[in-house]
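> just to be clear, the model below is a prediction. Sequence and coordinates:
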Amino acid sequence: MSSPPARPPTEPESLQAEMIRGVAEGDNQALASLYDATSRTVYGLLLRILSDPSAAEEVLLDVYTQVWRQAKTYSAERGKPLAWLTTIARSRAIDRLRRGRQEHQLNVPLEEASRAARGESVEDGVLAGEVGAVVRAALDSLAPEQRDVIELAYYGGMSHSEIAAARNLPLGTVKTRTRLGMMRLREMLKPAWEGML
């Protein structure tokens, strides 16, 4: 069975691909044009993932710095320009979230002392940390394509349609990967929940 013919790129996609080629050749104006054409969409994704406008602005600059350095690696055959940009943005945003979690973990003993001073249970905080670790381990064990759509949906706040557009996938594929991933998570997490109750 042959695959369907590739859909011809739309005019904005062609222009964006041309801008990326210009960036790859070291054209500052091409980068400025690409930024003007795409930064609102990229910023919106970053803001949904990070929930912090100043962090989203900082990561936005990181994204276009990475675009400047890696424009030569872009291949139109592997995806649309905006999908390439949102993949970079998502990766940078998740890196930022992980850094924030690591910094948070360094401060946990102070938070536990503060909770104890307020009369709150240290055990509740420890349990919440354990639950988070179990969920993260279960997510990490999913197939990469299932983990990707679930992280975009639950951490990134993206709808199935937005994920389909960002990943250049059919909507049904996104829904199937999400459903299968969630079923697998439920299977893996059921013993952990029962052990905690």
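Everything's here; your move.
> so which helix or strand of the chain has the lowest pLDDT on average?
Every helix and strand in the chain was compared by mean pLDDT, DSSP states H and E; the lowest is helix 108-117, with a mean of 50.
> what residues are up against the residue positioned nearest the centre of the chain?
Of all residues in the chain, the one closest to the mean position by C-alpha atoms, centre = their mean is R90, 3.4 Å from it. Counting by C-beta atoms under 8 Å, 6 or more residues apart in numbering, R90 touches 45, 49, 152, 156, 166. In short, each C-beta sits where N, CA and C put it, glycine included.
> so what's the nearest residue to the fourth one once chain neighbours are set aside up against?
It stands for G156. In this structure, G156 finds its nearest non-sequential neighbour in I49, 4.6 Å apart by C-beta to C-beta, 6 or more residues apart in numbering. Counting by C-beta under 8 Å, 6+ apart, I49 touches 90, 93-94, 97, 155-157.
> out of those residues, which are inside helices?
Within those, residues falling in helices by DSSP state H are 90, 93-94, 97.
> confidence-wise, which of these comes last?
Of all these, L97 carries the smallest pLDDT score, 84.
> I'd assumed R48 was in contact with that residue.
No. If you go by C-beta atoms under 8 Å, L97 and R48 don't touch, sitting 12.0 Å apart.
> break this structure down into its structural domains.
The domain map for the chain lists 10-106, 119-197, with the assignment taken from automatic domain parsing.
> worst mean pLDDT among those?
The minimum mean pLDDT among those belongs to domain 119-197 (a mean of 76).
> can you give me the helices in this structure?
Using DSSP H, helices in the chain cover 11-24, 28-50, 53-70, 81-106, 108-117, 122-140, 144-154, 160-167, 171-196.
> ok, the residue nearest to the centre of the chain to A71 distance?
18 Å (C-beta to C-beta, to the nearest Å).
> and what of L189?
41 Å.
> so those two - more neighbours on which side?
Between L189 and A71, counted using other C-beta atoms under 10 Å, the more crowded position is A71 (21 against 16).
> from T178, how far off is A153?
6 Å.
> nope, A89 is what I was after
A89 sits 20 Å away from T178, going by C-beta to C-beta.
> check R136 too.
18 Å.
> out of the ones in helices among the contacts of I49, who's the most crowded?
Among the ones in helices among the contacts of I49, the one with the most neighbours (other C-beta under 10 Å) is A93, at 26 neighbours.
> leaving aside the residues next to it on the chain, what's closest to that residue?
In space, and not counting its chain neighbours, A93 is closest to I49: 4.1 Å by C-beta to C-beta, 6+ apart.
> got the contacts of R90 as CSV, with distance to E58 columns?
Output for the contacts of R90, formatted as CSV (distance: C-beta to C-beta, whole Å):
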residue, distance to E58
L45, 14
I49, 13
L152, 21
G156, 17
A166, 21
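> ok, these vs S75, which is closest?
A166 (17.1 Å; C-beta to C-beta).
> what is the burial count for the residue lying closest to L15 once chain neighbours are set aside?
With sequence-adjacent residues excluded and distances taken as C-beta to C-beta, 6+ apart, L15 is closest to A37, at 7.1 Å. Around A37 there are 16 other residues, counting by other C-beta under 10 Å.
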